[in-house]
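> Here is a sequence together with a model predicted from it:
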Amino acid sequence: MSIFSAISLGATLLGGLSQKKAANRAAAAADRAAQFNANLIERDIGLLEKQREIINRNFLIEGQRSRSKFEREVQGAVRAGFGYAGIDMSQGTPVEVLRENAREFEYEATVEQMTNEIANMQISDEQETARLNAELARMEGGAQASGLRAQGTASLIKSFGSAAQQAYEFF
């Protein structure tokens, strides 16, 4: 075996090992990138939860304000109007008007509650979508990393095969 044959054999083995190391580094980088992307996506889940809290707090505050405004402005105006006209407020038309106003207010409050529940359902759906996207990003990164590792292993095996063939030819 000549010195050039030995150098060629060593270079073949060294090249395979080098390609394997490079593939492992690329796989690790793919894993880190996938994890980073997944963490960004999961951050959105927390932001959506904060949005839900704000929407729910706003709903409660608006509900309290609406009830107070209804009692003060709508029902108060009815009482004042009938009272000013000298009409008995304990029965008849004034009570019916107050009840009708109360039914209308309850209807509007129910619609607002349903709208709030729909907003919460949409946020829950967006959170689940974000969670699934994060999981998918990790899976894609893992698949890419596995592919890169497999390429490195294939290069290493190929270099060992080439080196074995060269050694066989020289002996």
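Received the coordinates, thanks. Numbers count the residues shown, from 1 in each chain.
> tell me which helix or strand of the protein sits lowest on mean pLDDT?
When each helix and strand of the chain is scored by mean pLDDT, DSSP states H and E, helix 76-84 comes last, with a mean of 77.
> what about residue 147, how many neighbours?
The number of residues packed near residue 147 is 14, by other C-beta atoms under 10 Å. All C-beta spots, glycine's among them, are computed from the backbone N, C-alpha and C.
> I'd like the distance between it and residue 23.
Counting by C-beta to C-beta, to the nearest Å, the gap from residue 147 to residue 23 is 9 Å.
> Equivalent analysis for residue 96, please.
83 Å.
> Settle it for me: which of the two has more neighbours?
More crowded of residue 96 and residue 23, by other C-beta under 10 Å: residue 23, with 21 against 10.
> where do the helices sit along this structure?
With helices called from DSSP state H, the chain shows them at 3-69, 76-84, 93-170.
> Mean pLDDT lowest where, among these?
Note on these: helix 76-84 shows the lowest mean pLDDT, a mean of 77.
> angle of that one against helix 93-170?
180 degrees (axes from the mean of the first three to the mean of the last three C-alpha atoms, to 10 degrees).
> Return the list of helices and strands in contact with helix 76-84.
helix 93-170 (3 or more C-beta pairs under 8 Å, 6 or more residues apart in numbering; DSSP states H and E).
> List the contacts of the spatially most central residue of the chain.
The residue lying closest to the centre of the chain (C-alpha atoms, centre = their mean) is residue 130, at 2.1 Å. With C-beta atoms under 8 Å, 6 or more residues apart in numbering as the criterion, the residues that contact residue 130 are 41-42, 44-45, 48.
> In ChimeraX, how would I select the buried members of the residues you listed?
In ChimeraX, this line selects whichever of the contacts of residue 130 come out buried by 16 or more other C-beta atoms under 10 Å:
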select :41,42,44,45,48
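> can I get the contacts of residue 130 in CSV with distance to residue 73?
Compiled in CSV, the contacts of residue 130 are given as follows (distance: C-beta to C-beta, whole Å):
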residue, distance to residue 73
41, 47
42, 46
44, 41
45, 41
48, 36
